[in-house]
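# 3D model of this:
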Amino acid sequence: MKAATRPYHHGHLREALLRAAEDALETGGARSISLRELSRQLGVSHTSPRRHFAGKEALLDALALRGFERFDEALGRAAGKPGQEFKSRLTKLARAYVGFALKHPALLSLMFDAKQRADAPEALRQASERAFGHAPAAFAEAQAAGEVVPGDPSRLALVLFSTLLGLVSMSTGGKVKGIPLDRLIGEIIDRTILGFRPR
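Below is the predicted model of the structure:
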């Protein structure tokens, strides 16, 4: 006698799958995610997720896209409106970046990996560009005010974010002890501004 197939009855399955996948991602990494296992956890048939995601990669892309949307919101709030003092604006952006990276390390890693793929969905690429557009905008405004050396604002922002990513990596690896991260962020911003100041 055939076992009864569990019906598709979950009213918000797409959202539930994304939440469950993010939990699995943060505890076990992308390799630990299985559509079949997520279906079991949510009490639906193993074919039900196919109504929303063609496969695991589509689920991970959707998770990365949602991550970039949240990242964009966090950096957008930190960036504030044009016209603010450059150092204050950059410091808030740096704190938002580090805060997100420390709170969602596996998600941020997935986001970076997903956007680098040659076949990454266009929506994901655009979300990445929006999220990472706040810092270049701040640099461009500072350049227009004569506070920062000429050059591609995106490259200048990349220098800052690379430094912050190194700080996050050292912090999660237990290599930063006895110095509050917020203080180190302040020092990074001070030295960044000094280095980019017109000669």
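
# pull the helix or strand with minimum mean pLDDT from this protein.
helix 35-42 (a mean of 90; mean pLDDT, DSSP states H and E).

# could you list the domains of this protein?
Split into domains by automatic domain parsing, the chain comes to 10-53, 62-196.

# could you give the number of residues near Glu85?
Per other CB atoms under 10 Å, the neighbour tally for Glu85 reads 10. Any C-beta I mention is one placed from the backbone N, CA and C, and that applies to glycine too.

# can you tell me the closest non-neighbouring residue to Leu184?
Leu167 (6.1 Å; CB to CB, 6 or more residues apart in numbering).

# my read: the one you found touches Gly186, true?
No. Applying CB atoms under 8 Å as the test, Leu167 and Gly186 come out as separate, 11.6 Å apart.

# pick out whichever of those two has more residues nearby.
Leu167 (22 against 15).

# what lies in contact with the longest helix along the chain?
In the chain, taking DSSP state H as the definition, the longest helix is helix 56-79. Contact partners of helix 56-79, identified using CB atoms under 8 Å, 6 or more residues apart in numbering, comprise 17-18, 21-22, 25, 30, 33-35, 49, 53, 89, 92-93, 95-97, 99-100, 104, 107-108, 110-111, 113-115, 120-121, 123-124, 127-128, 130-132, 134-135, 137-138.

# for the chain, which segments are assigned as helices?
Under DSSP H, the chain gives helices at 13-28, 35-42, 56-79, 86-103, 105-116, 122-131, 134-144, 153-172, 181-196.

# quick one: low-confidence ranges for the chain?
1-11 (pLDDT under 70).

# again, only using 90
Where the chain drops to pLDDT under 90, the residues are 1-13, 29, 31-32, 34-35, 39-55, 80-83, 171-180, 199.

# ok, the residue most central in space within it to Glu26 distance?
Closest to where the C-alpha atoms of the chain average out (CA atoms, centre = their mean) is Leu108, at 4.2 Å. Applying CB to CB, to the nearest Å, the value for Leu108 to Glu26 is 10 Å.

# again with Leu124
Going from Leu124 to Glu26 by CB to CB gives 19 Å.

# who has more neighbours, these two?
Set side by side, Leu124 and Glu26 show more neighbours around Leu124, with 20 against 15, by other CB under 10 Å.

# from memory that one sits against Gln116, does it?
No. Applying CB under 8 Å as the test, Leu124 and Gln116 come out as separate, 10.4 Å apart.
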